[in-house]
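Colleague: compute the structure for the input listed below.
(one chain, ligands or ions: 1)
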Amino acid sequence: MTEEPPVPTNPSDYVTPQQATRQRIIERLIEKGGRDPQCPICHQKVFAIGAYVHLAVSSDASVAQLGRSMPCVTVMCMTCGNVLLVSLLALGFTREELAQMPNDA
Ligand SMILES: [Zn+2]
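Modeller: Prediction:
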């Protein structure tokens, strides 16, 4: 009998950006108007920057295209666990900047 690994419930349980990078992401979110975000589910206001996620994207609705992705970062509501995905490119980070972003791995 194998035990399933526990499901991480805290963003710090995942590989997350280093503090300096998290701060840069937060600054970009604030620049975009995210100064006082409120969770659409629980209406609380405590969030944490979590792991990077690469969404697979495709110009073809019927098939995935390997190697194409939208780099995002998770923003998790610390009360109810609602997870938002924010595009790092839309926040103004270039692909070159993303390639130089360290992580805690
Ligand atoms: Zn919430």
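Colleague: Thr74 reaches Val53, doesn't it?
Modeller: Yes. Between Thr74 and Val53 there is a contact at 5.9 Å, judged by Cβ atoms under 8 Å. Placement of C-beta: from N, CA and C, glycine included.
Colleague: any common contacting residues for the two?
Modeller: Leu85 (Cβ atoms under 8 Å, 6 or more residues apart in numbering).
Colleague: what bits of this protein have low per-residue confidence?
Modeller: 1-16, 103-105 (pLDDT under 70).
Colleague: got the residue ranges for the strands in it?
Modeller: 47-56, 69-77, 83-87 (DSSP state E).
Colleague: in the longest one, which residues are buried?
Modeller: It stands for strand 47-56. 47, 49-53 (16 or more other Cβ atoms under 10 Å).
Colleague: spatially nearest residue to Gln65 (excluding sequence neighbours)?
Modeller: Distances taken as Cβ to Cβ, 6 or more residues apart in numbering place Ser58 nearest to Gln65, at 4.4 Å, with adjacent residues excluded.
Colleague: all set now, cheers.
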